[in-house]
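Undergrad: Give me a 3D structure for the following:
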Amino acid sequence: MNRVSAIITIVASSLVYPVVANASEANVSEIWTATDIRTAIEFYPTVLQDLGIEIVDLRTTTSPVQQHDLSVLNDNAPAFHAAQPWSMKFTTKNDHFEGVFSGAARHQGGFELSWRGGGVSLQGFMVRPGAEPRSLEVVTADNRVVFNGTHLHWAVDTEAGLLEMFNVDLRLTKEMAISLGREAFEGKPVATLSLTAAVQPPQGYAPETGIPSCTPSDWSGDQDVQLINIGTVNQLARSNGEVVMVPSATLKNVGTANVPWLSKFSGFSDPYNNDQHPFLTWSVFRITGEGIHQLGVSAIKHAFLTININCNPGACTTGHVLGLGCEDVYGTGTNSSNGDLAPREEILAASSVWAHCNEPVANTPSHFDQDGNCSQDHFGGGENAFSHGLIVQESDLADDTASYYFSAWYLVRDDIDIFNTMGYRKINPVFGGNNWTFSFQTGLANGSPLDAWIPSGTNEETQNNAVLARGLGQGNLQLAVNVADLGDGYFRYDYALMNHDFDQGLDGFSIPIPAGASVRSTSFRDIDQDGANDWQVSIATDSVTWTMPDATSFQPWGVVFNFSLEANTAPLVANAVMDVVGKFRPETLEISTRAPSPLPTDIFSDGFESGDVSAWSSSSP
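TA: Okay, here's the model as predicted:
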């Protein structure tokens with residue numbers, strides 16, 4: 001994302017607001033006081049431009065503030081300062097941040113947002129706790145809530161007396177959306193916020209003891225991470241008939257093992273002796289009468305920190321382990337940061353291993369480590385929202401008769417169930433005011449996006465949805481089919497073949513055809529706009545086969561290939577044949593589906609089918 005100069009950092013110290021005690025205070029481990037708060041707000045220029053918003057009357061009063069190492073904000077942000085003392089209260093349990101629950105900070109300096117026909121002043125604005133747990137609000141001096149802050153990350157250093165909240169999505173409130181002319185803009189992210197504060201421990205504070213240390217012995221059990229929500233889907237950028245879409249996501253450890261969550265290039269650590277962490281990718285799909293088509297897919301988002309909320313009692317809550325029962329969030333700000341997005345080709349999807357550094361061989365260059373010395377030398381410089389984002393042709397979103405689905409998927413090493421690490425929600429793409437909005441029409445359903453077209457496990461005469469599971473670390477393939485009677489003696493067979501995480505890739509797909517059957521048309525579709533890599537079809541007496549033109553090129557995973565044919569016989573149960581790319585080991589795989597049935601055979605040797613009975617005889621009935 002290009003953030004250029006639309007960055008605002010505010011340093012607040014010392015305005016005092018009354019703290020109102022509540023009943024929940026008695027149930028928390030520790031109540032801390034925060035002072036000398038420093039708040040940074042970094043706007044997304046492309047989003048403001050699309051909304052027609054300008055930042056005016058920007059008043060700086062102090063030097064920039066160093067950001068947390070895992071913040072997506074820049075250290076060189078201009079700074080603002082408040083002259084009066086103030087304080088806020090937040091809670092910890094086992095030295096783990098639970099959230100801000102009281103207080104507010106009014107800032108000197110600030111800025112104004114201006115748009116055609118309106119504007120709002122955030123001179124002397126406040127930051128205060130939001131209505132939801134672990135959320136914030138940005139409020140005008142006259143108490144108008146302009147932004148809600150969600151999906152925050154944090155770090156608490158009790159010894160150094162430092163609290164950092166960072167990567168907070170700032171989203172338009174309903175009031176702001178209406179002011180901009182479209183209520184549908186409510187919840188649209190327009191900026192990222194960070195907050196740094198000095199903290200004072202409560203009287204008599206002593207560090208908690210007995211906190212799980214997450215030593216190598218803690219890695220036993222089954223790893224099972226579940227995607228539990230896709231919170232929002234938003235337009236990140238738009239240009240030349242294309243739109244970039246980005247989500248927020250929430251997950252949970254539902255297994256019996258801790259999950260490593262190490263930042264990239266953080267060294268060689270247990271349990272795999274590398275910097276293992278999950279990866280997030282997302283896609284959008286369209287369903288019409290001709291099947292389900294994948295319209296776009298993102299690059300890989302490297303996860304780097306877990307906040308461990310709503311955990312099981314006694315769970316490990318260090319920032320680089322997802323403890324038992326713990327949940328974690330990533331907002332649109334982190335999911336659109338080019339410093340954490342890299343090409344899909346670098347991931348071995350079946351094993352969820354990042355091919356870099358010493359994986360799979362020593363001194364392996366990668367997108368972030370271009371000289372292969374196991375340290376990051378590229379941080380996304382010169383890239384923008386289109387470099388690694390989910391890019392969709394706007395014309396593909398404009399079919400009012402279609403259904404649209406957005407999916408997300410966390411790749412987690414040794415996860416025992418990949419189909420609960422992924423999920424999808426039905427969306428409603430609407431364009432207006434130079435912006436696409438994507439409101440949800442359903443809640444989250446775990447599973448493959450193909451299940452939105454043909455329900456998982458369907459095994460009927462004209463529909464089938466089957467998974468070929470190769471085993472842990474070997475990859476999964478899925479084939480769904482729908483057969484439609486065209487009413488003129490022909491049937492259309494629409495196939496959607498999804499390579500979830502089969503790294504070896506496919507270079508051939510074949511459907512059996514009975515002798516004498518007529519195939520009058522075929523089609524192929526993949527995810528990109530490049531006709532040069534379209535699979536070529538050949539029709540033989542016993543099969544229709546599509547073959548990839550270059551079997552040595554990268555075989556994308558997490559993508560759908562569409563095949564279609566029209567034949568003059570009704571469907572029956574059959575096996576589709578898939579040829580595996582030979583770059584690892586060539587082989588042939590089969591998966592259950594529906595294919596054209598044999599033509600009916602004559603009951604009598606002559607006369608019966610035509611109705612001419614003159615040829616019948618006792619010797620030839």
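
Undergrad: Distance from stretch 369-377 to the middle of the chain?
TA: 26 Å (C-alpha atoms, centre = their mean, to the nearest Å).

Undergrad: hang on, I meant stretch 422-434
TA: From the chain centre to the centre of stretch 422-434 is a distance of 14 Å (C-alpha atoms, centre = their mean).

Undergrad: Would you indicate which residues of it are buried?
TA: Neighbour-count burial for stretch 422-434 flags Met422, Gly423, Tyr424, Arg425, Lys426, Ile427, Pro429 (criterion: 16 or more other C-beta atoms under 10 Å). In this view, the C-beta of every residue, glycine as well, is placed from N, C-alpha and C.

Undergrad: Check stretch 109-125 too.
TA: Gly109, Gly110, Phe111, Leu113, Ser114, Val120, Ser121, Leu122, Phe125.

Undergrad: and what of stretch 534-549?
TA: Buried residues in stretch 534-549, defined by neighbour count with 16+ other C-beta under 10 Å: Trp535, Val537, Val544, Thr545, Trp546, Met548.

Undergrad: Quick check: the farthest pair among the residues you listed?
TA: Spatial extent of the buried residues of stretch 534-549 (C-beta to C-beta) is set by the pair Val544 and Met548 at 15.1 Å.

Undergrad: In strands only, show me the buried residues of stretch 109-125.
TA: Among the buried residues of stretch 109-125, DSSP state E puts Gly110, Phe111, Leu113, Ser114, Val120, Ser121 in strands.

Undergrad: just checking, the first one touches Arg59?
TA: Just to be clear, that refers to Gly110. Yes: contact criterion C-beta atoms under 8 Å: Gly110 and Arg59 qualify, at 6.2 Å.

Undergrad: Could I get the contacting residues of the closest residue to Gly149 other than its chain neighbours?
TA: What sits nearest to Gly149 in space, not counting adjacent residues and going by C-beta to C-beta, 6 or more residues apart in numbering, is Leu136, at 3.5 Å. Contacts for Leu136 were tallied using C-beta atoms under 8 Å, 6 or more residues apart in numbering; they are Val100, Val127, Arg128, Pro129, Gly130, Asn148, Gly149, Leu152, Met165, Val168, Leu193, Leu195.

Undergrad: out of those, who's nearest Val47?
TA: Closest approach between those and Val47, by C-beta to C-beta: Leu193, at 14.5 Å.

Undergrad: Over to that closest one. Which of the three states is it?
TA: The local conformation at Leu193, judged by DSSP: H, G, I helix; E, B strand; the rest coil, is strand.

Undergrad: quick one: contacts for the nearest residue to it once chain neighbours are set aside?
TA: Take Leu193 and drop its neighbours on the chain: the residue closest to it by C-beta to C-beta, 6+ apart is Val168, 4.1 Å away. Applying C-beta under 8 Å, 6+ apart, we find Val168 in contact with Leu136, Gly149, Thr150, His151, Leu152, His153, Thr192, Leu193, Ser194, Leu195, Gly331, Gly333.

Undergrad: what's the closest of those residues to Asp218?
TA: Closest approach between the contacts of Val168 and Asp218, by C-beta to C-beta: His153, at 22.5 Å.

Undergrad: Test my guess that that closest one contacts Thr192.
TA: No: contact criterion C-beta under 8 Å: His153 and Thr192 do not qualify, at 10.6 Å.

Undergrad: ok, those two, which is more surrounded?
TA: More crowded of His153 and Thr192, by other C-beta atoms under 10 Å: Thr192, with 30 against 27.

Undergrad: What strand or helix carries the closest residue to that one other than its chain neighbours?
TA: Nearest residue to Thr192, sequence neighbours excluded (C-beta to C-beta, 6+ apart): Gly333, at 3.8 Å. Using DSSP states H and E, Gly333 sits in helix 332-335.

Undergrad: so how many other residues sit close to His378?
TA: His378 has 16 neighbouring residues, counting by other C-beta under 10 Å.

Undergrad: I'd like to know which helix or strand in the protein has the lowest mean pLDDT.
TA: When the helices and strands of the chain are scored by mean pLDDT, DSSP states H and E, strand 7-11 comes last with a mean of 48.
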